[in-house]
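Participant: below are the sequence and a predicted model for it; my questions follow.
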Amino acid sequence: MIKIVKVFVSFRLGADIMPMNLVIQKKRKELGLTQEQVARYLDVSIPAVSKWESGLTCPDISLLPSLARLLKIDLNTLFCFQEVMTKREISCFCKEIMDIAQTRGIAEGFEAAEKKIHEYPHDETLLQCLTFQLDGLLRLSGLPPQEKIPYDDILLKRYRRLAASNDSKIRNSANYMMAGTCIRKGEYDMAQQILDLMPDKEDITSSIADKRMLQVLIYQGQGKSEEAVIHLQNALLTAVNKVQMLLLNLVDAELASGNQQNAANIADKAAQMPYHFDLEEYIAFMAPLQIAVAEQNVDACIELMRKMFQAMLMPGDMSGSPLFYHIAKSSNPKQILSAVLGEVERDPVYSFLQASVTFKELISEYKALIKL
């Protein structure tokens, strides 16, 4: 349950694009063509092709359609049109994908994302955002594990592409997500290999001051106190969520080690965090439920699940929190609950509950509620 004309000019100002010379060189090599073969096909000299690829000259405009056909690309790709989207465009499109996946199904969400990725094949930020988003939507889709496999394969292919990025942030985040996918599939050796490629946070920050705190100091020095508050609220929410996840994992680890009482004590502390830090109420029932499941206490499990399911139907609102009032957190409670209901029905961990009539009635009751 606890379980993104000289055609060197960028046609989108400020965009980080691949110039035409690099497109020609890259596509030629991908197709296994030599400069001589390109020259012969276009009836030009080999030095001419060499100059195109080095960026010294550009192909005559009359040659461009033939060159594009030879390289098996369209003119938009050759000219580097539609190379990248703006951050605002990406944000709007990601919201559109979420709406599609939630209303028309995960399959149509993947299909719409694939079309946009094909339209902007060199935009790593778009690829990263869409891949991460679809990964999250897939986890919440409620699909049986077997039906998720083809989608996981698509995501894994995209993560591998992102892991080859020259941008270290994109590369590291892709490796992180890829390792998580391998863990879900039980491919622990592969997950370890990927993890070993990632830098330790301590190595990155040991000799460098916390960038977020420096940003806060800059905002305060500039008199931008509101920006400082927003920055700190987001940092705090990230930290609190991380602590909560660590506690949940620690409960599991202690249970696996046979330390039942220590696990129960940690679960009690985890259950208090949402109330101290204004998190969604349903989080308070997760750690106690871990204990009840480990004890196979049917009555306690059903009672905790009922409270958690009811809390999940209530959309989280942080506007009244003194800690996070600047953070507009939107979620689809029914989608989260749908995924959880699917998990408790199918996961063997909860098999001891299947004989309980009360449990089956509880699941049926909330399945009906999320359809309203």
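Facilitator: Everything's here; your move. Residues are numbered from 1 along each chain as shown.
Participant: helices or strands up against the strand or helix carrying residue 309?
Facilitator: Assigned by DSSP states H and E, residue 309 belongs to helix 298-312. Here helix 298-312 touches helix 286-294, helix 333-346, helix 357-370, going by 3 or more CB pairs under 8 Å, 6 or more residues apart in numbering; DSSP states H and E. Any C-beta I mention is one placed from the backbone N, CA and C, and that applies to glycine too.
Participant: out of those, which is closest to residue 60?
Facilitator: helix 333-346 (54.5 Å; CB to CB).
Participant: just the angle between that closest one and helix 298-312, please?
Facilitator: Calculated by axes from the mean of the first three to the mean of the last three CA atoms, to 10 degrees, helix 333-346 forms an angle of 160 degrees with helix 298-312.
Participant: hang on, the earlier thing: as TSV, the helices and strands packed on helix 298-312 with distance to residue 199, mean pLDDT and mean neighbour count would be great.
Facilitator: Shown next, in TSV, are the helices and strands packed on helix 298-312 (distance: least, CB to CB, whole Å; pLDDT from 0 to 100; neighbours: other CB atoms under 10 Å):
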stretch	distance to residue 199	mean pLDDT	mean neighbour count
helix 286-294	30	96	22
helix 333-346	32	81	18
helix 357-370	41	92	14
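Participant: of all those helices, which one is nearest residue 166?
Facilitator: Among these, helix 333-346 sits nearest to residue 166 (CB to CB), with 35.2 Å.
Participant: what's next to the closest one, contact-wise?
Facilitator: 1, 3, 102, 139-145, 305, 308-309, 312-316, 350, 353, 363, 366-367, 370 (CB atoms under 8 Å, 6 or more residues apart in numbering).
Participant: that one vs helix 357-370, what angle?
Facilitator: 150 degrees.
Participant: so which residues of the stretch 201-350 of the chain form strands?
Facilitator: Here the stretch 201-350 of the chain has no strands by DSSP state E, counting those that start in this stretch.
Participant: coming back round to it: how about a markdown table for the helices and strands packed on helix 298-312, with distance to residue 175 added?
Facilitator: Converted to a markdown table, the helices and strands packed on helix 298-312 look like this (distance: least, CB to CB, whole Å):
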| stretch | distance to residue 175 |
| --- | --- |
| helix 286-294 | 27 |
| helix 333-346 | 25 |
| helix 357-370 | 35 |
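Participant: so which of the ones you listed comes closest to residue 174?
Facilitator: Nearest of the helices and strands packed on helix 298-312 (CB to CB): helix 333-346, 23.6 Å.
Participant: among the helices and strands of the chain, which one scores worst on average pLDDT?
Facilitator: One helix or strand of the chain scores below all others by mean pLDDT, DSSP states H and E: helix 201-205, with a mean of 46.
Participant: returning to that earlier point: quick one, which of the helices and strands packed on helix 298-312 gets closest to residue 152.
Facilitator: Evaluated over the helices and strands packed on helix 298-312, closeness to residue 152 peaks at helix 333-346, with 15.4 Å, by CB to CB.
Participant: name the residues of stretch 220-238 that are buried.
Facilitator: 227-228, 231-233, 237 (16 or more other CB atoms under 10 Å).
Participant: let me fix that: stretch 240-258
Facilitator: 240, 244, 247-248, 250-252, 254-255.
Participant: in helices only, show me those.
Facilitator: If you go by DSSP state H, the buried residues of stretch 240-258 have 240, 244, 247-248, 250-252, 254-255 in helices.
Participant: follow-up on the earlier one: I'd like the buried residues of stretch 240-258 as TSV, with pLDDT and distance to residue 106 appended.
Facilitator: TSV is the format used below for those (pLDDT from 0 to 100; distance: CB to CB, whole Å):
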residue	pLDDT	distance to residue 106
240	93	30
244	94	27
247	96	30
248	95	26
250	97	32
251	96	30
252	94	28
254	97	35
255	95	32
